[in-house]
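> Just need the structure, nothing else, for what follows:
(one chain, ligands or ions: 1)
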Amino acid sequence: MNKVIVTGGAGFIGSHICKTLLKRGDFVVCIDNFDDYYDPKIKENNVSGLIKNPSFKLYRKDITNYQDMEDIFHEENPEKIIHMAARAGVRFSIEKPLLYEKVNIKGTLNLLELSVKYKIKSFIFASSSSVYGERKDVPFKETDKIDNPISPYAATKKAAELLSYTYHHLHNLNITCLRFFTVYGPSGRPDMATHKFITSILNEKPIDMYGDGTSIRDYTYVADIVNGIISALDKNLGYEIINLGGSNPIELKNFISTMEKVIGKKAIINKMSLQAGDVTKTYADIDKAKRLLGWIPKTSLEEGLRKTFEYIATNKDQK
Ligand SMILES: NC(=O)c1ccc[n+]([C@@H]2O[C@H](COP(=O)([O-])OP(=O)(O)OC[C@H]3O[C@@H](n4cnc5c(N)ncnc54)[C@H](O)[C@@H]3O)[C@@H](O)[C@H]2O)c1
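Prediction:
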């Protein structure tokens, strides 16, 4: 049994991680401030089934408050940390860059500093495909030069990767930065296209399609992402950056038609111009994940969308 801190553990990916860790017998210390980026009721719902578990402890605290974080580390003496807490939307980061800097950079630095002080064995950082920026060459490899992030969100994720390296170099901390590629699944973020499109198609409302439908995304089902995170948590790799992506990119218009097939209804499409900050293409090279983590994404897009649709259709909070 490990004692693992999961920051952002009430959020979409974080709550799936907590469930999986509890199932395999770990003790989970969840830290989340239930911020209002989207309806906090969804996060309350995410943890409602976990709080009765004696191996789960919830702290409603903010990672940007160093003293609060120190109090938790002191009280819990954790062995490992999965750092998911962040301001996560690309578009909102253009409106609130200072907030993104505070949470995504200062918050991460607080946790790195405490990880050294409390001798954490393994630190997983949730990075993002957005660090690759706008580029022609695909698939995206971890060795690609990533000096041109096109949103404050992407820049904060790259900054946190750099700080992670510094902490590994100076203090020998085991840190794996996992670059996630568009994660979707049950209890997914309501600001993301998958969730927005499914609810709108289901309720026969128009969906906003940005661009001409040829933008490309590499979607990754949440259970696959969680498997990759836990494989990385169980290994001490020194410092590594690893892509976790479906490696099966699809054009937006085909993504919408797959959804129509799964839901059994036609989408009403409202064409919009491309949004600032959004890249036109993502596509993960996952050779490194295969090699270092033995990781292969198992869920096809159609199967993953079906599970997500079924969850939304049977959960009234989601609609
Ligand atoms: N979902 C994706 O497609 C995707 C892709 C790439 C990277 N990521 C990264 O994965 C992580 C999880 O993403 P998600 O989609 O589950 O998002 P999410 O917003 O559902 O989860 C983030 C959680 O962090 C919490 N949080 C935010 N600020 C906090 C603070 N100051 N202190 C404590 N808790 C705080 C939020 O309340 C939320 O519950 C994030 O770091 C995100 O940047 C996600």
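> tell me which parts of this structure are close to the ligand?
Within the chain, the positions adjacent to the ligand are 7-8, 10-14, 31-35, 37, 43, 62-64, 84-88, 103, 107, 126, 128, 180, 182-183, 189 by Cβ under 6 Å from any ligand atom. C-beta here means a position set from N, CA and C on the backbone, and glycine is covered the same way.
> distance between the longest helix belonging to the chain and the chain's centre?
Criterion DSSP state H: the longest helix present in the chain is helix 152-171. A distance of 16 Å separates the centroid of the chain from that of helix 152-171, by Cα atoms, centre = their mean, to the nearest Å.
> one step back: just the ones of the residues of the chain next to the ligand in strands?
Among the residues of the chain next to the ligand, the residues falling in strands (DSSP state E) are 7, 31, 126, 128, 180, 183.
> For the longest helix of the chain, buried residues please.
Within helix 152-171, the residues that qualify as buried are 152-161, 163-164, 167-168, counting by 16 or more other Cβ atoms under 10 Å.
> Tell me the spacing between the residue nearest to residue 63 when sequence neighbours are not counted and residue 130.
Closest residue to residue 63 apart from its sequence neighbours, by Cβ to Cβ, 6 or more residues apart in numbering: residue 107 at 3.8 Å. Counting by Cβ to Cβ, to the nearest Å, the gap between residue 107 and residue 130 amounts to 18 Å.
> do residue 29 as well
Distance, residue 29 to residue 130, using Cβ to Cβ: 28 Å.
> The two: who's more crowded?
Applying other Cβ atoms under 10 Å to residue 29 and residue 130 shows that residue 130 carries more neighbours, namely 27 against 24.
> Isn't the more buried one up against residue 149?
Yes - using Cβ atoms under 8 Å, residue 130 is in contact with residue 149, at 6.9 Å.
> So for these two, which residues contact both of them?
residue 157 (Cβ atoms under 8 Å, 6 or more residues apart in numbering).
> which residues sit against the helix or strand hosting residue 258?
Element membership for residue 258, per DSSP states H and E: helix 252-263. Contact with helix 252-263 is made by 193-194, 197-198, 201-202, 207, 209-211, 213-217, 219, 250, 266-267, 269, 301-302, 305-306, 309, as judged by Cβ under 8 Å, 6+ apart.
> Now which of those would you call buried?
Among those, those classed as buried by 16+ other Cβ under 10 Å are 193-194, 197-198, 201-202, 207, 209-210, 215-217, 219, 250, 267, 301, 305-306, 309.
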